[in-house]
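> Dropping a prediction and its sequence here:
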Amino acid sequence: MAYIPEGAPCAGRIRTVTFGTGEGAITLGGQNAMPLYGFDASFANPPRAGIAVTDLPPENLPELTRFYEGCETMAQRAVRARERSGADFLCLCFPGADPGGANRSVEACTADAVAAAAAVDVPLAVVGCGNLQKDELLLTAIAEALKGRNLLLFAARSENYQRIAALARDFGHKIVAQTADDVNLAKQLNIMLKGVGVSYDSIVMNVGTAAVGYGYDYVASTYDRIRLAALEQSDEDLQMPIAAPIYADVWSVKEAVAEEADEPQWGSREERGICMEAATAAADLTAGADAVILSHPASVQTVRRFIRELMEGGAD
Amino acid sequence: MALKGIDVFKLSPKLNCRECGFSTCMAFCMKVAQGDMSLEKCPYFSADAVEKLQRQAMPPMATVKAGPHSLGGETVLYRHEKTLVHKNLFAVAVCTRVPREKAEEKLRKLQSIDYTRIGERMQVECVFVRSHGGDEARFAELAGQAAAAGRCVILHCREASCAAAALEAVGSSAVLDAATPDNWEEMNDLARKYGVPLGVWAPDIQQLYETVRNLEQKGNKDLLLDVTLDTAAKTLRNAVLVRRAALKGGDRTFGYPSIVNIAELAHGDIRLQTAYAAMFIQRYGSVLVMQDMDYAQALPLYGLRQNIFTDPQKPMKVESAIYPLNGADENSPCAITVDFALTYFLVRGELERSNEKVNLIICDAAGMSVLTAWAAGKLSAESVKKTLENLAVERKIRSRILIIPGKVAVMRRQIQQALPGWTVVAGPGEAVQLPQYMKEKAYLTAAHAAAQETAAAQKEQSGEYTFQELLERLPPIHHEDLGVHYRGRAPGSRAFTVIGERIHCISPVIRRAMDERDPGPILKRAAEQIAAGATYLDVNIGPAASDGPERMMWAVKLLQENFDSVPLVLDTANQKAIEAGIRVYDRTHGKPVVNSADAGSRRCFLDLAAANDAVCIALCSADGIARDVGERMKFCHELLERGLHLGMASDDLWFDPLFLVVKGMQDKQADVLETLRLLSQEGLKSTGGVSNVSNGAPRAVRPVMDSAMMAMAMMQGMTCAIVNPCDSRMMETIRSCDVILNRVVYSDSYLEL
Ligand code: SF4
């Protein structure tokens, strides 16, 4: 009696979504097997690792301050990240726009985005500050100013999807439908976006993120359920690629930010942060992320190596 | 894995000879599958068929012991399908090739990883001792040192002579790794001799399968599968295919836990090793062997492992304790919240961000979030008081300021009354507002106001009243003819029982009416429900810690006096209130119903119902949602036994399987329906809040889904439900089902009562 390997493609397939322009454009998705299961069906497009670049200099993170030493502007940080991290794409983030914080104006942030976009040639994603109203104004301004760059905008939630839909329709960008650990809402938001004229080829999902150890059980099960529905039951309303901006979750937990003086046993703070980021990214990629967005250049490198090994190491 | 009748039938002799006492093979096989009949009663099943069926009836994956730890025993591929039962273990590799001092240093270092995270002790559980170059003496020595470190030892070697030497040194608490296509017979003899589990390795999956088969044929089923190959991609492939073959393919040959030697795959890149480990925690690594383990790796990986291996139906709980933050001392104020791990992390993080000294007190709330715990009565004045007592807070802390979550500001007064000497203030509604709240010391202003109020209240308060006093204190009952009469239930009627759910404190209108003893809104809702055909009215007065008895007596008298002694379901977490309600209850239309008891901390409500000759709604759960059908029935039987023991009739227990919301628990709906079927099969009565199924769904969807669920539940034999009788679609469905099930005689106008 012999074992007959059961490697077989799934009935469904993840859709492909392309962002960025020209030769460097990135296509996400396309797989017809569970994440990283190259033995079930050959890989379509590899998952990607992006790096987050912020409008204000990174605060309270000495490791990043060192990396960006000498950079005065967001554009300069973008160039540094582009040249030294090896990331597949850049994610322009605007924590400085938060009305509860620095409350930078939409105009100033947009000018930063335009300058950064002019300085680098890689595909770009854009994340706001987390304040729903401000982000809507900010992302709309950036979407208009960077018309034609085919951005990946982390924008749509069930509260604002109608207005955000216009950014895909009018300016030709890709939008990320954002929900938090809720399969049903993830599906519903896609359906609602389609209802207001957004093509399924323009939608990427962010279905919720968490640092490992911090409610990651919900994230893992949400991913599993969404990927099983998309692949095994061909649920076309859940077949979008998934992008996971994990940097903010990772760099706020104790394990990553506690001072060495406070936790002498734990060793190097920088190493803790990198491992936390690499572990969270790897967990997301295993569960079904097609793109992850990180902060630390070293974790970007680790995650890119992880992806390469899994894509290329399967041949006998 | 349970056998299916049809699977047994496929392997049956199909002679229909009746020797087994059944008229057909099919009938016999169905009984075998249900476990009511033994296969031996038929003399004609082939030995092969018998073996096959026995294998099928076994769990799909063996549970294997590695030292004191259990591995494997999984039944599902993904945690949301049920739960993963045994977390993976971590091992650190030490090799005979490295110099002595380095090996000893490594053994020391791995022991420094030792901490507790949400009630779980985090350690490197195993040492993976690798033989290099066949130095038997050195291998045995190293194995001995590893065992002395108090860890389970995994002996990794290919030479039987080495294995023998090391096993002699460490004995039976080890794992031997690995039997290969070349050495499996010798390795098997050794593993059997020392009674240790045996890892199996082969250069490809076919040979792995054959080697396992060979070992099984020699009678060894205490195995692990070392799935490590030369790359991470191939190792993942192996790990997945093996687990999938066992759990989905039903092939027990691969039904063993795995060993993944990540140290071999990461080539010294510690960060890459961390990433690989994160992948194998999720995808089927049972023992993960690491080159090294330091806190940078342990913190994320153990956190991830804890998340992945939690039971998805039992939330993660932190220990009820006092957590002094930012250097808090006995003079720092106290803040209290629930023990749900996510809430704890969130609140703790924000309090730490404030940099203000504060003692965070975690209350035992069954791992529920603040609002859920409040609604379930787990976060109440009583539970807060108990927590302070259990933790001896008054002895340890001098400050008498207690900040409660702003989400339950409504409880502030009750908690204040339960805690004389304290000043209870409500914090902000969201955790993110905590840093500002703490920095501005907003609690001091609130405390001042609260203290004044308490002083005023103390004058009025006069302790507990007797039943007679309560009765005298009741406001006069308002009588009003709303033109609606309760007609009673036809004796012997088999029609479905409808409990109207609309008098519930979750509704702000009703809560206010209860607070102010305003009869208007309560009578209005009662009239509507009775007119729509309710058999009983549920009366939920909320947790009602302080004036529960008085509230319940008032509500019972108000409703029964206005509506022809309409029968009621008394619904509150306050036992005294239920007792008081029963004492004024008019039994013209039968016994009162107590809502509700469960097999956990609400067990006392069953005792209360029994003592007062009332019907009791019994939840098939124990402080939470039961895992599966089996667990629901287990709780049902526990409660049934207790009820009967207390002299209740089985018909006076109405079992509630707990209806679950589709949004989020879609895959558990079939369990609820199956439980109803089993209850009905056992002749037991059932009830439940059917419309919970559509909770959170759009308005237009809810009645449609509710009535579909109702119809399915009635099909399964449900006898009663707690629903909104004013939902006409629901009532039409119930009446139609009653007709179709032949419980009510049909007439063209059956919909109109
Ligand atoms: S004894 Fe066996 S062969 Fe005969 S009827 Fe029963 S099951 Fe069938």
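All right, it came through fine. Numbering: from 1, shown residues only, chains lettered A, B, ... in the order given.

> Hmm, residue B:15 and residue B:43 touching each other?
No: taking CB atoms under 8 Å as the definition, residue B:43 is not a contact partner of residue B:15, at 10.1 Å. Where C-beta positions appear, they are placed from N, C-alpha and C, glycine not excepted.

> Compare these two and say which one has the larger neighbour count.
residue B:15 (12 against 9; other CB atoms under 10 Å in any protein chain shown).

> and the more buried one, helix, strand or coil?
coil (DSSP: H, G, I helix; E, B strand; the rest coil).

> give me every residue that touches it.
Residues counted as contacts of residue B:15 (CB atoms under 8 Å, 6 or more residues apart in numbering or on different chains) are B:25, B:44.

> distance of it from residue A:300?
69 Å (CB to CB, to the nearest Å).

> Also residue A:45?
18 Å.

> Between the two, which has more neighbouring residues?
residue A:300 (27 against 18).

> tell me which element the more buried one is part of?
helix A:297-312 (DSSP states H and E).

> List the contacts of that helix.
Contact with helix A:297-312 is made by A:36, A:38, A:43, A:46-51, A:67, A:81, A:84-88, A:273-274, A:277-278, A:281-282, A:285, A:292, A:294, B:231-233, B:236, B:269, B:271-272, B:274-276, B:279, as judged by CB under 8 Å, 6+ apart.

> Which of these fall within helices?
Residues of the contacts of helix A:297-312 located in helices (DSSP state H): A:67, A:81, A:84, A:273-274, A:277-278, A:281-282, A:285, B:232-233, B:236, B:271-272, B:274-276, B:279.

> Could you give the number of residues near the residue in the stretch 1-150 of chain A that chain B sits nearest to?
For the stretch 1-150 of chain A and chain B, the shortest gap (CB to the nearest CB) falls at residue A:3, measuring 3.5 Å. Residue A:3 is flanked by 20 other residues according to other CB under 10 Å.

> which ones are touching it?
Residue A:3 makes contacts with B:205-206, B:208-210, B:245, B:251, B:253-254, as judged by CB under 8 Å, 6+ apart.

> mind redoing it with 6 Å?
When contacts are counted by CB atoms under 6 Å, 6 or more residues apart in numbering or on different chains, residue A:3 touches B:206, B:209.

> Ramachandran angles for it?
phi -90, psi 130 (degrees, to the nearest 10).

> now swap in residue B:116 and tell me
The phi/psi pair for residue B:116 (degrees, to the nearest 10) is phi -110, psi 130.

> So the residue nearest to it when sequence neighbours are not counted, which state does it fall into?
Distance criterion CB to CB, 6 or more residues apart in numbering or on different chains; nearest residue to residue B:116, sequence neighbours excluded, is residue B:122 at 6.9 Å. The three-state assignment at residue B:122 reads strand, by three-state DSSP.

> Please report how far the closest residue to the ligand within the stretch 151-300 of chain A lies from residue A:11.
The ligand sits closest to residue A:232 of the stretch 151-300 of chain A, with a gap of 37.0 Å, by CB to the nearest ligand atom. In this structure, residue A:232 and residue A:11 are 6 Å apart, going by CB to CB.

> ok, residue B:746 touching residue B:740?
No: look at residue B:746 against residue B:740 with CB atoms under 6 Å: they stay out of range, at 8.9 Å.

> show me what contacts residue B:202?
Residue B:202 neighbours (CB under 6 Å, 6+ apart): B:181, B:208, B:211.

> To what extent is the second one buried, counted in neighbours?
It refers to residue B:208. Residues within reach of residue B:208, counting by other CB under 10 Å, total 24.

> separation between it and the ligand?
Residue B:208 sits 38 Å away from the ligand, going by CB to the nearest ligand atom, to the nearest Å.

> In the stretch 351-500 of chain B, mark out all the helices, start to finish.
Along the stretch 351-500 of chain B, counting by DSSP state H, counting those that start in this stretch, helices occupy B:370-375, B:381-390, B:393-396, B:412-418, B:434-439, B:442-460, B:467-473.
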